[in-house]
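structural data only, the sequence is not supplied:
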RNA sequence: UCCGGCCUAGCUCAACCGGUAGAGCAUCCGGCUGUUAACCGGAGGGUUGGGGGUUCGAGUCCCUCGGCCGGAGCCA
């Protein structure tokens, strides 16, 4: 008898197989047990009939508790009554372990605090199984997209000196004799260095923000994909973003359809995500918001509710571009026609999922960059190597950062970002 | 940091104006040959988050501490 994974059972109909997994639910009557099995690749029901097996086997099944680890032997049978299309007629099974306590996660609903406290076990539940499979496909698609366009992966450091956009939300750690180091909040500056060496580059890794943000869209540790391309200007950059997001959504729809169905995601909304995406300027966005009754004027930043109001106007991600200079980061390139705005864009996901990408063309002029660093009261010394990039063969270049968990939450249709990552780190939770 | 809210059985929740703390699930025992969060009968299970106060009497009102949830600002 050969060991087979549940996802492969359809190719083994009529065969005797072995399944190594766990009991995630059990129903029984006096003469029949229904054992719900999972093995990490899927879920399947095993049927154990009293009349067809030894009395001892049938009696042993009564001892099984939820999340017992068991190896099951039986014949695969096609069954229209089963959601997966197949069932196993169990002939025998071997208990690997009976849980020493009752499994804490029950069949009825639980509160979020309880579930987050049991995240290490909650991962076994069906919804989490589907979400994290979708996440896996999304990550794969992101990497494929860059590979197909011959981008070079440049892993940027996680420990950094005091360099980044703003110092207020950095996590500090002790770093030997050097004193303080910080956990990265963006790899952008390093990617800017790399794009001058490799042309087209991207990174993908964890990012840390010590923001005291307590909302459904924030984590203190999240995964970000950033890209940076030499000789790319604003328009090239926006095109790249919509190509990336479309590719990721379409590939995920193709490969994770059953998971999205299981999550009851309305996939018709995702099917529409293809280039070109609607674009509106910051000026137009302000006018739109004023028309909708928001108390907002030119120069104000656009908050969460306002983002939702804008994205509600469209059935695809929308790119809001060219924000006022004073509400954006120091390194963004001013619009040559209108120096009060910068060449940047935020991509807002539909259905109120908020900002998934922040992007800009970067300043490539040495003197202008120095001016901006001073204007923002940032220490020039900290940017010595970054300024070097403008001294030696500087060219226009552009890039962006995409928040993975927000993309996962959007594609899966989750209410909260904390289920989009295996072990969420939030303001008040670092356990388990 | 600021503004709201919640904390009652292992879990999810109920308990009117302050008057003997209750249900479903889970657990244990029994029943059931096709169950899909299976169902049916029975049983056990509580210092109502900690501390203090008001009251004849507090799950309920007040103070305080703690934990958590939602949101704002900021961001991906």
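Right, received. Where do you want to start? Note that the coordinates shown come from a computational prediction; the quantities given were computed from them, not determined experimentally. Numbering: from 1, shown residues only, chains lettered A, B, ... in the order given.

buried residues, stretch A:28-45. List them.
Within stretch A:28-45, the residues scored as buried using 16 or more other Cβ atoms under 10 Å are A:33, A:35, A:37, A:38, A:39, A:41, A:42, A:43, A:44, A:45. Where C-beta positions appear, they are placed from N, C-alpha and C, glycine not excepted.

not counting sequence-adjacent ones, nearest residue to the second one?
Going back to what we said before, that points to residue A:35. residue A:46 (4.2 Å; Cβ to Cβ, 6 or more residues apart in numbering).

what strand or helix carries the one you found?
strand A:43-49 (DSSP states H and E).

buried residues, the next helix or strand after that strand. List them.
Per DSSP H and E, the first helix or strand lying C-terminal to strand A:43-49 is helix A:55-63. Across helix A:55-63, burial judged by 16+ other Cβ under 10 Å covers A:57, A:58, A:60, A:61.

give me the subset of those touching RNA strand B.
Among the buried residues of helix A:55-63, no residue lies close to RNA strand B (Cβ under 7 Å from any atom of the strand).

show me which pair in the buried residues of stretch A:28-45 is furthest apart.
A:33 and A:41 (22.5 Å; Cβ to Cβ).

what about the strands in the stretch 201-350 of chain A?
A:221-230, A:279-281, A:318-321, A:344-349 (DSSP state E, counting those that start in this stretch).

save those strands as a markdown table, and put in mean neighbour count too.
As requested, these are exported to a markdown table (neighbours: other Cβ atoms under 10 Å):
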| stretch | mean neighbour count |
| --- | --- |
| strand A:221-230 | 23 |
| strand A:279-281 | 17 |
| strand A:318-321 | 24 |
| strand A:344-349 | 25 |
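
what residues does the stretch 301-432 of chain A put near RNA strand B?
A:301, A:303-305, A:307, A:327, A:346, A:354-358, A:401-403, A:405-406, A:416-417, A:426-429.

same deal with the stretch 1-150 of chain A?
So far as Cβ under 7 Å from any atom of the strand goes, the stretch 1-150 of chain A lies against RNA strand B at A:25, A:27-32, A:34, A:36, A:45, A:47, A:49-51, A:65-66, A:79, A:81-83, A:87, A:102, A:104, A:106-114, A:116.

tally of neighbours for residue A:430?
Residues within reach of residue A:430, counting by other Cβ atoms under 10 Å, total 11.

for it, what are its contacts?
Contacts for residue A:430 (Cβ atoms under 8 Å, 6 or more residues apart in numbering) come out as none.

one step back: just put the strands of the stretch 201-350 of chain A in a markdown table and tack on distance to residue A:201.
A markdown table is the format used below for the strands of the stretch 201-350 of chain A (distance: least, Cβ to Cβ, whole Å):
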| stretch | distance to residue A:201 |
| --- | --- |
| strand A:221-230 | 5 |
| strand A:279-281 | 25 |
| strand A:318-321 | 22 |
| strand A:344-349 | 19 |
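
tabulate those (JSON lines), appending distance to residue A:17 and mean pLDDT.
JSON lines is the format used below for the strands of the stretch 201-350 of chain A (distance: least, Cβ to Cβ, whole Å; pLDDT from 0 to 100):
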{"stretch": "strand A:221-230", "distance to residue A:17": "37", "mean pLDDT": "96"}
{"stretch": "strand A:279-281", "distance to residue A:17": "54", "mean pLDDT": "95"}
{"stretch": "strand A:318-321", "distance to residue A:17": "50", "mean pLDDT": "95"}
{"stretch": "strand A:344-349", "distance to residue A:17": "42", "mean pLDDT": "95"}
